[in-house]
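# need coordinates for the following:
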Amino acid sequence: MGRMLGAFASEELDRPDLNKCPDCGCFFAEDCCPLCGKLCPEEMRAGNRKAVKHKKRKNTGSGRVTFIEWYHSWWFIALMMLFFPLVGIILFVTSPYKKSIKITIGIIAVIYMILSTIGIGNIIGKVTSLWDKPVDTSMSRAEYIIACETVTPEDFYRSAAAYEDKFVTMTLMVSGKITDMDGYYADEKYTTYYICRDASGGEFEIMIRDCVQDTAQNFVAGDVITVWGEGAGNCDIYDMEYVMHSAPCVYVAYVERK
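Numbers count the residues shown, from 1 in each chain. Next up is the predicted model:
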């Protein structure tokens, strides 16, 4: 029997105009299978069988080998994207890769260039500053002052961690002013800190951050002030000469000078 009427190992070939044997898979025009002699059932006869669904073949390429120059290799372009983004983009655009891949990687590379130029840390800082307020602004001045616990500079100095995020008030004497160096690198308004001591003459050094909700004031050494604010634990601040100052800190929301 010829191949057209023989049995096939797969269903990729079908003869809907012929009967099919359910046992040996042979196609034939008679009522009985010419190989096994079995009578063809009604559901396997021509016109009664369900159509065979052919699987779509995946296009794996043209079969031709494409040689790519070493400077268009993935590893080299990735290195250039990392260290020299502009060079990497040029190499990628001129490479023989698909247009859709070029567009996707190109967008990613441009975003990376922007982030690396502006500074990822700076961007994160600007975003978090939108909701990260140093002092609670939901209360009025009267409510804020009532919520503050009166503590001595010595108690706050010795137990700064215990007063962190708590409302406190104390009387201090200003001994110096610090302009935070971090504001210089972030290209923002400088943050002002004041070095203070116990107004009664103690040697306990405390640092306060100017977050005043009322009109800000410029204090000078010798000013005696009463502050209402929130404990911030121990803070490390670098001044404009990049000298570090470390001390227990209070973020001040309200202040009065005596």
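
# for the rest of this, base every contact and every neighbour count on C-alpha atoms.
OK.

# show me the helices in the stretch 151-258 of the chain, by range?
For the stretch 151-258 of the chain, the helices identified by DSSP state H, counting those that start in this stretch occupy 153-158, 182-185, in order along the chain.

# compare the ones you listed and say which comes out lowest on pLDDT.
Ranked by mean pLDDT, those bottom out at helix 182-185, which scores a mean of 48.

# and the helices in the stretch 1-150 of the chain?
The residue ranges that make up the helices of the stretch 1-150 of the chain, judged by DSSP H, counting those that start in this stretch, are 74-83, 85-93, 99-118, 120-128, 141-147.

# which of those is buried the deepest?
helix 85-93 (a mean of 18; mean count of other C-alpha atoms under 10 Å).

# what's it packed up against?
Applying 3 or more C-alpha pairs under 8 Å, 6 or more residues apart in numbering; DSSP states H and E, we find helix 85-93 packed against helix 74-83, helix 99-118.

# and the longest one, how far out from the chain middle?
In terms of C-alpha atoms, centre = their mean, to the nearest Å, the gap separating the centre of helix 99-118 from the centre of its chain is 16 Å.

# got the CA coordinates for that helix in PDB?
Taking C-alpha atoms only, helix 99-118 is exported to PDB below (Å, rounded to 0.1, in the frame of the first residue of the first chain):
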ATOM      1  CA  LYS A  99      14.200  47.400  17.000                       C
ATOM      2  CA  SER A 100      11.900  46.600  19.900                       C
ATOM      3  CA  ILE A 101      14.800  45.500  22.000                       C
ATOM      4  CA  LYS A 102      16.700  48.600  21.200                       C
ATOM      5  CA  ILE A 103      13.900  50.900  22.200                       C
ATOM      6  CA  THR A 104      13.300  49.100  25.500                       C
ATOM      7  CA  ILE A 105      17.000  49.000  26.500                       C
ATOM      8  CA  GLY A 106      17.500  52.600  25.300                       C
ATOM      9  CA  ILE A 107      14.700  53.900  27.600                       C
ATOM     10  CA  ILE A 108      16.200  52.000  30.500                       C
ATOM     11  CA  ALA A 109      19.700  53.500  29.700                       C
ATOM     12  CA  VAL A 110      18.300  57.000  29.500                       C
ATOM     13  CA  ILE A 111      16.600  56.600  32.900                       C
ATOM     14  CA  TYR A 112      19.800  55.300  34.400                       C
ATOM     15  CA  MET A 113      21.800  58.300  33.000                       C
ATOM     16  CA  ILE A 114      19.300  60.700  34.600                       C
ATOM     17  CA  LEU A 115      19.300  59.000  37.900                       C
ATOM     18  CA  SER A 116      23.100  58.800  38.000                       C
ATOM     19  CA  THR A 117      23.500  62.400  37.000                       C
ATOM     20  CA  ILE A 118      21.000  63.800  39.500                       C
END
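
# helices or strands up against it?
So helix 99-118, by 3+ C-alpha pairs under 8 Å, 6+ apart, packs with helix 85-93.

# and for the first one?
The contact analysis (3+ C-alpha pairs under 8 Å, 6+ apart) places helix 74-83 against helix 85-93.

# for the record, mean pLDDT for the helix it packs on?
Averaged across helix 85-93, the pLDDT comes to 79.

# any idea how far stretch 72-89 is from the chain center?
Put simply, stretch 72-89 sits 23 Å off its chain's centre (C-alpha atoms, centre = their mean).
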